[in-house]
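Student: here's my sequence, what's the structure:
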Amino acid sequence: MEKVLFGYLAFAILASAFLVVFSRNAVKAVLWGLVMFLHQAVLFLTLQAEFLAAIQILVYAGAVLVLFLFVIYLINLREELKWPRFLGTYPLAFLVIFFFLVLAGAGISGFTPASPKGSLSPQALLSQGHTRLLGEHLFREHILAFEAAGVLLLVAVLGAVVLVRRIREEEK
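Tutor: Okay, the predicted model is just below:
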């Protein structure tokens, strides 16, 4: 049963990611992204990572997709953009994708998982819990990346506010 659920989740994540990329309507692409993020959250739940599932829903499905929607509505796309010159590159793109899939398959065929070492071993996860270990790992070993992500999100929000203010001032 677990393999069937994993197979469904993997297929749904890949299909919705494909629809995000190839959707001609920007709002529909964001909604397909929401479907993808929700399936990823369920995948995290099957791995017993409840905290990551909650963060997936709150941050990505909540904040990031709402930010995408705000940007889409601020741009005010009235017509869908069509680029007929790119239609001839689809066979080449599929050939490149096939090459990377073969390369990934060759890499995965010889893969053997390493023995768990350090603070994120399965025994530590069972004894202390995912949330505590993730927090310690983020704030001790990856504090610079964590702070940089926070500053980047703050700049994105401030940029959206400045864009909205400029548009409103031009309308007056």
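Student: longest helix in this structure, please.
Tutor: Assignment by DSSP state H gives helix 143-171 as the longest helix of the chain.
Student: how far does that helix sit from its chain's centre?
Tutor: 20 Å (C-alpha atoms, centre = their mean, to the nearest Å).
Student: other SSEs contacting it?
Tutor: Identification of packing neighbours for helix 143-171 by 3 or more C-beta pairs under 8 Å, 6 or more residues apart in numbering; DSSP states H and E yields helix 65-75. C-beta: built from backbone N, CA, C; applies to glycine.
Student: after the helix it packs on, which helix or strand is next?
Tutor: helix 90-109 (DSSP states H and E).
Student: which element follows that next one toward the C-terminus?
Tutor: In N-to-C order, the element after helix 90-109 by DSSP H and E is helix 122-128.
Student: report the angle between the helix or strand following that next one and helix 143-171.
Tutor: Next in sequence after helix 122-128, counting helices and strands by DSSP H and E, comes helix 130-141. Taking axes from the mean of the first three to the mean of the last three C-alpha atoms, to 10 degrees, one finds helix 130-141 and helix 143-171 inclined to each other by 90 degrees.
Student: now helix 130-141, how far from the chain's geometric center?
Tutor: Worked out by C-alpha atoms, centre = their mean, helix 130-141 lies 21 Å from the chain centre.
Student: buried residues in it?
Tutor: Within helix 130-141, the residues scored as buried using 16 or more other C-beta atoms under 10 Å are 130, 133, 134.
Student: for that helix, the averaged confidence score.
Tutor: Mean per-residue pLDDT for helix 130-141: 80.
Student: contacts for that helix?
Tutor: With contact meaning C-beta atoms under 8 Å, 6 or more residues apart in numbering, helix 130-141 is reached by 48, 49, 50, 51, 52, 119, 120, 124, 125, 146.
Student: what about 10 Å?
Tutor: 44, 47-52, 54-55, 118-121, 124-125, 127-129, 145-147 (C-beta atoms under 10 Å, 6 or more residues apart in numbering).
Student: got a quick PyMOL command for the buried subset of the residues you listed?
Tutor: Buried members of those, defined by 16+ other C-beta under 10 Å, are picked up in PyMOL with:
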select buried, resi 44+49+52+55+125
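Student: can you get me a residue count around residue 61?
Tutor: 18 (other C-beta atoms under 10 Å).
Student: that one: what's it in contact with?
Tutor: Per C-beta under 10 Å, 6+ apart, neighbours of residue 61: 33, 34, 35, 36, 37, 38, 40, 41.
Student: got a pLDDT number for the first one?
Tutor: Think residue 33. Predicted confidence (pLDDT) at residue 33: the value is 92.
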